[in-house]
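Student: Here is my input; please provide its structure:
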Amino acid sequence: MNSNGNYPTIYHFEASRGFRVVWLCEELDLKYDLVFRPGDQFGSLMALQEVLPGMPMAPVMGYAGELIVESGAIIDILLALHGDGHLVPSKTSNDFLFHTQWMHFAEGTALARMTQRRLSAMAAGIDVDQAPRGYDAANRNDGFEPIGAAAVFEFVEAFLSKHPYFGGAEFTAADIMMEYAMRVAKLVVWDDTNRFPNIAAWRKNVMARPAYARAVKASTFGELDDVGVPLHAPHPFARPA
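Tutor: Purely as a prediction, here's the structure:
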């Protein structure tokens, strides 16, 4: 479906958030150009440096003569211009509230808390799985624990115990946003979200979608590990052997 004459060019590198945009385009059957150097993450990053020197990040979308960053913003734009109402619940339903929350939660809370945990552990010189819950568990007030990565996973698991998708009853773009966050948790904070039964069932369900398989094939090169990183690629946060 394409209700607008423009179509996106996606500047990407493997195992990045650019996968979200590729997956969305596959779900919408939207034509797109994908620019990256298969099997060469450094080369792809150098290409991004040439495209947008001040902000060489992935994804970058070329659209209507402009360059746009942020995977969530790119998804919002493509849904507004090409979605024809797909992958977004009706605005009159409670599912629209859920969908909107999780579209933002993926980066604003989930990945932000995971990254904070990782950086805090690095600053303390300890393994990330040894970091205390919350920001500073030793100094928290009794009865209150600041929100950290562990609380994120518990909150997600509780929601999925009542709803099959992050958009409520149906698969939406919120699931595309959240899939990356739940998948890379194993890389960033060494926590496999498949230990949560509802998250595991949801992940299996969304990864079985034909558009997901097409997106993986289009956006990666060679064999992948269990967090979607090509086996040839560097692992900056990998657990020591």
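Student: Just the CA coordinates for the lowest-mean-pLDDT helix or strand in the chain, please, in CSV.
Tutor: Every helix and strand in the chain was compared by mean pLDDT, DSSP states H and E; the lowest is helix 112-124, with a mean of 85. Below are the C-alpha coordinates for helix 112-124, written out as CSV (Å, rounded to 0.1, in the frame of the first residue of the first chain):
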residue,chain,number,x,y,z
ALA,A,112,17.0,3.9,28.5
ARG,A,113,16.9,1.9,31.8
MET,A,114,19.0,-1.0,30.2
THR,A,115,21.6,1.4,28.9
GLN,A,116,21.7,3.2,32.3
ARG,A,117,22.3,-0.2,34.0
ARG,A,118,25.1,-1.0,31.6
LEU,A,119,26.8,2.3,32.0
SER,A,120,26.5,2.2,35.8
ALA,A,121,28.1,-1.2,35.9
MET,A,122,30.9,-0.1,33.6
ALA,A,123,31.5,3.0,35.8
ALA,A,124,31.6,0.7,38.9
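Student: What are the contacting residues of that helix?
Tutor: Residues from elsewhere that reach helix 112-124 (CB atoms under 8 Å, 6 or more residues apart in numbering): 127-128, 130-131, 135, 147-149, 151-152, 181, 184-185, 188-189, 237. From N, CA and C alone the C-beta is placed, and that goes for glycine too.
Student: Okay, buried residues for the very next helix or strand once past that helix please.
Tutor: Downstream of helix 112-124, the next assigned helix or strand under DSSP states H and E is helix 149-160. Residues A149, A150, V152, F153, V156, E157, F159, L160 are the ones in helix 149-160 that count as buried (16 or more other CB atoms under 10 Å).
Student: What residues sit buried inside the least confident helix or strand of the chain?
Tutor: Residues of helix 112-124 classed as buried by neighbour count (16+ other CB under 10 Å): A112, R113, M114, Q116, R117, R118, S120, A121.
Student: How about stretch 96-106?
Tutor: For stretch 96-106, the neighbour count (16+ other CB under 10 Å) marks F96, F98, H99, T100, Q101, W102, M103, F105, A106 as buried.
Student: and the two most separated of the buried residues of helix 112-124?
Tutor: By the measure CB to CB, A112 and A121 form the most distant pair in the buried residues of helix 112-124, at 15.1 Å.
Student: quick one: which of the buried residues of stretch 96-106 is nearest to A173?
Tutor: M103 (6.6 Å).
Student: dump the residue contacts of that closest one.
Tutor: Per CB under 8 Å, 6+ apart, neighbours of M103: G72, I75, D76, A173, A174, M177.
Student: Find me the pLDDT at it, would you?
Tutor: M103 carries a pLDDT value of 99.
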